[in-house]
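Trainee: What shape does this take:
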Amino acid sequence: MTKLDELIAAAKRIESTPEEQEAQRRSFAFGNTKIENSRITRETVDSEAEALKAQAK
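Mentor: Model prediction:
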């Protein structure tokens, strides 16, 4: 087994917390929207994510 195979196998065993998943979701949203709109900031994404969370309750 190569080092890469070992790393992939180890990564498959890691479980993300809900907080880590939310951070990843926001990072993904920021990265994709920033491509289309240079005015988007991380703060914009965080603000909208919090608004959506409040709306879902």
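
Trainee: make it CA atoms for all contacts and neighbour counts henceforth
Mentor: Noted.

Trainee: Please, which helix or strand holds the residue nearest to the spatial centre of the chain?
Mentor: Nearest to the mean C-alpha position of the chain, by Cα atoms, centre = their mean, lies residue 24 at 1.5 Å. Counting by DSSP states H and E, the element that carries residue 24 is helix 18-36.

Trainee: picking that back up, any idea how far the residue nearest to the centre of the chain is from residue 5?
Mentor: Using Cα to Cα, to the nearest Å, residue 24 is found at 24 Å from residue 5.

Trainee: still on that earlier bit, downstream neighbour of the helix holding residue 24 in the secondary structure list?
Mentor: Remark: after helix 18-36, the chain's next helix or strand is helix 42-56, criterion DSSP H and E.

Trainee: what packs against that following helix?
Mentor: helix 18-36 (3 or more Cα pairs under 8 Å, 6 or more residues apart in numbering; DSSP states H and E).

Trainee: what does the helix it packs on contact?
Mentor: Contact with helix 18-36 is made by 40, 41, 42, 45, 46, 49, as judged by Cα atoms under 8 Å, 6 or more residues apart in numbering.

Trainee: Among those residues, name the buried ones.
Mentor: 45, 46, 49 (16 or more other Cα atoms under 10 Å).

Trainee: Contacts only, for the residue located most distally from the centre of the chain.
Mentor: Computed with Cα atoms, centre = their mean, the residue of the chain farthest from its C-alpha average is residue 1, at 30.3 Å. Neighbour list for residue 1: empty [criterion: Cα under 8 Å, 6+ apart].

Trainee: Look up how far residue 11 lies from it.
Mentor: Per Cα to Cα, residue 1 is found 15 Å from residue 11.

Trainee: could you dump the contacts of helix 18-36 to a markdown table with distance to residue 34 and pLDDT?
Mentor: Output for these, formatted as a markdown table (distance: Cα to Cα, whole Å; pLDDT from 0 to 100):
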| residue | distance to residue 34 | pLDDT |
| --- | --- | --- |
| 40 | 6 | 96 |
| 41 | 7 | 96 |
| 42 | 9 | 96 |
| 45 | 10 | 97 |
| 46 | 13 | 97 |
| 49 | 15 | 96 |
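
Trainee: Kind regards, and thank you for your time.
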